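Q: got a structure for you, letters missing:
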């Protein structure tokens, strides 16, 4: 099991210190990351907590998944690796056409 946890449905005011204090009940904490929105520079309502071992990560999931934290029900699960993205982003629009207006069903 991965030692990095996804912690979702957090209040936007949640601090790194508050998460460290809470998750310390389950074991050693390696790191806490609260991603910020690029436009507003505010927290996005989720965090990543890396525990010291896979046993501590399992314990944290059992202890905190579905638990109320500052008025919200937390979702705690094993973090998934980030999706691979194109360096240029998605080049297709919602109609399946690329930026030049060409679709993938061109006939010659």
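A: Nice, I can see it. A quick note: this is a predicted structure, and the numbers were derived from the prediction, not measured. Numbers count the residues shown, from 1 in each chain.

Q: For the nearest residue to residue 56 once chain neighbours are set aside, give me its contacts.
A: Distance criterion CB to CB, 6 or more residues apart in numbering; nearest residue to residue 56, sequence neighbours excluded, is residue 27 at 3.0 Å. (Each C-beta comes from the backbone N, C-alpha and C, glycine too.) Going by CB atoms under 8 Å, 6 or more residues apart in numbering, residue 27 touches 51, 52, 53, 55, 56, 59, 60.

Q: try 7 Å this time
A: 51, 52, 53, 56, 59 (CB atoms under 7 Å, 6 or more residues apart in numbering).

Q: Provide the backbone phi and psi angles at the fourth one.
A: Going back to what we said before, that points to residue 56. Main-chain torsions, residue 56, degrees, to the nearest 10: phi -70, psi -40.

Q: follow-up on the earlier one: for ChimeraX, write a command that selects the buried ones of the contacts of residue 27.
A: Restricted to buried positions by 16 or more other CB atoms under 10 Å, the ChimeraX selection for those reads:
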select :51,56,59
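
Q: Taking the contacts of residue 27, tell me the two that lie furthest apart.
A: The span of the contacts of residue 27, defined through CB to CB, is set by 52 and 59 at 10.7 Å.

Q: re the thing from before, for the contacts of residue 27, could you give me JSON lines that also reports pLDDT, distance to residue 80 and secondary structure?
A: Listed next are these as JSON lines, based on pLDDT from 0 to 100; distance: CB to CB, whole Å; DSSP: H, G, I helix; E, B strand; the rest coil:
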{"residue": "51", "pLDDT": "98", "distance to residue 80": "16", "secondary structure": "strand"}
{"residue": "52", "pLDDT": "97", "distance to residue 80": "20", "secondary structure": "coil"}
{"residue": "53", "pLDDT": "97", "distance to residue 80": "19", "secondary structure": "coil"}
{"residue": "56", "pLDDT": "98", "distance to residue 80": "19", "secondary structure": "helix"}
{"residue": "59", "pLDDT": "98", "distance to residue 80": "20", "secondary structure": "helix"}
